[in-house]
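Trainee: Using only what follows, build the 3D model:
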Amino acid sequence: MKGLWTNICREFKIITRDGISIALLGAPALLSVIMLAIFGQISGTSAAFVTDNSLTNEQQTRLEAVGDVEYVDDFLSLEKRIKGMDSVAGVYSKDGKIYILTEGNEEQGFDQGMSYLVSKALAQDPVGYVNEEVVSKTPMAYDIAIVSVILLAMFIGGSLMGLNGVAERETKVIHAYSISPIGLWGFVAQKLISATIYALLSVAIAALIMGKTEMLLMLLLVTLFSTFFTGFITFITPAMAENQVSAVGVMKLLMPLSMIIGISSVFVPDKWHFLYYLLPMYWQYTAIQNVLDNKGAILNMILTAITAIPWFIAAVMLFSKKTNMVARRNK
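Mentor: Predicted structure coming up:
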């Protein structure tokens, strides 16, 4: 056990010396920052309103005193505006009473907070609010962007250890493992633990940057249940690549496949989803999406682990064959 943890620590030291590995480790964090710059942070703290021509000029002036106000021509335009990617409350008047219209998927307390601000601004107490689920989810582009970053963060752990494995195969260091006490399965455990630690770290950083703190625990749980898929990436890379140049080509194939397969199911009718059932990437995607939608994700996590096991074993066996590293039998 001591030798195992010594080798895991050695893996971390190797990572910090390699420029490609450091770039890979920082990629999810960088993409998280870029995504926020494009979409903005959904749960902003500033008060933002949109109103139509049902409010009087005096009411509009008072509303501007408590927040940013955007004006539209009619109620249909107001309803369409609150479906946007940011958290904004629609304010309109009907039968002499002020109402607030929200999308229905904002953070807890959003409706009550906006109602209080409008009540004070317009001196009308109380102000009614309509919590309609105009859209049950956040916009698809935003969802896909979030899931893509998380999937990439999970992929990073396996890819880093995969690149380490390629370097060990290229420099013949891997032959030393084959005759050492650690053996094949000790080597597998070492890589698997290291890859999972990096995946957890990468996911945590990405989630925190994107403001998904309340979902962090569940996202880390998805990462843990994805351990065998992470292991698949870890061992299929050195099994298919003999040097760093060919490893880059393998990564160019594995990275988009690991992300696109799950995401593509969004555009496929539900009746055809059974075609994805043997692919861990599909269950991994659905698990992350369910976490983001505040739905139950445990079953999807379990199916991610179960479906990944045969892929993981196949990758280890191929790696063993390509490197002549075999499991040693006890005498």
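Trainee: Measure how buried K271 is and give me the count.
Mentor: 7 (other CB atoms under 10 Å). Any C-beta I mention is one placed from the backbone N, CA and C, and that applies to glycine too.
Trainee: Then the one 3 residues further on?
Mentor: The number of residues packed near F274 is 8, by other CB under 10 Å.
Trainee: same deal with the one 4 residues further on?
Mentor: Per other CB under 10 Å, the neighbour tally for L278 reads 11.
Trainee: show me what contacts it?
Mentor: The contact partners of L278, by CB atoms under 8 Å, 6 or more residues apart in numbering, come to T307.
Trainee: what's the distance between it and W272?
Mentor: 14 Å (CB to CB, to the nearest Å).
Trainee: just F110 next, same as before
Mentor: Per CB to CB, F110 is found 37 Å from W272.
Trainee: if you count what's nearby, which of those two comes out ahead?
Mentor: Neighbour comparison, F110 and W272: the larger count goes to F110, with 19 against 9 (by other CB under 10 Å).
Trainee: So the more buried one sits against S87, correct?
Mentor: Yes - judged on CB atoms under 8 Å, F110 makes contact with S87 at a distance of 6.3 Å.
Trainee: helix, strand or coil for D73?
Mentor: Assigned by DSSP: H, G, I helix; E, B strand; the rest coil, the conformation of D73 is coil.
Trainee: Can you get me a residue count around it?
Mentor: Residues near D73, counting by other CB under 10 Å, number 9.
Trainee: May I have the phi/psi pair for it?
Mentor: phi -80, psi -30 (degrees, to the nearest 10).
Trainee: how near is it to K80?
Mentor: For D73, the distance to K80 - CB to CB - is 11 Å.
Trainee: One more: I309?
Mentor: In this view, I309 and K80 are 47 Å apart by CB to CB.
Trainee: again, but for V118
Mentor: As judged by CB to CB, V118 and K80 stand 20 Å apart.
Trainee: what does L30 give?
Mentor: Taking CB to CB, one finds L30 at 33 Å from K80.
Trainee: Look at the most centrally placed residue in the chain and give its secondary structure.
Mentor: Among the residues of the chain, the one closest to the centroid is I150, at 2.2 Å (CA atoms, centre = their mean). Classification of I150 using three-state DSSP returns helix.
Trainee: How about it: what's its closest non-neighbour residue?
Mentor: In this structure, I150 finds its nearest non-sequential neighbour in I288, 5.3 Å apart by CB to CB, 6 or more residues apart in numbering.
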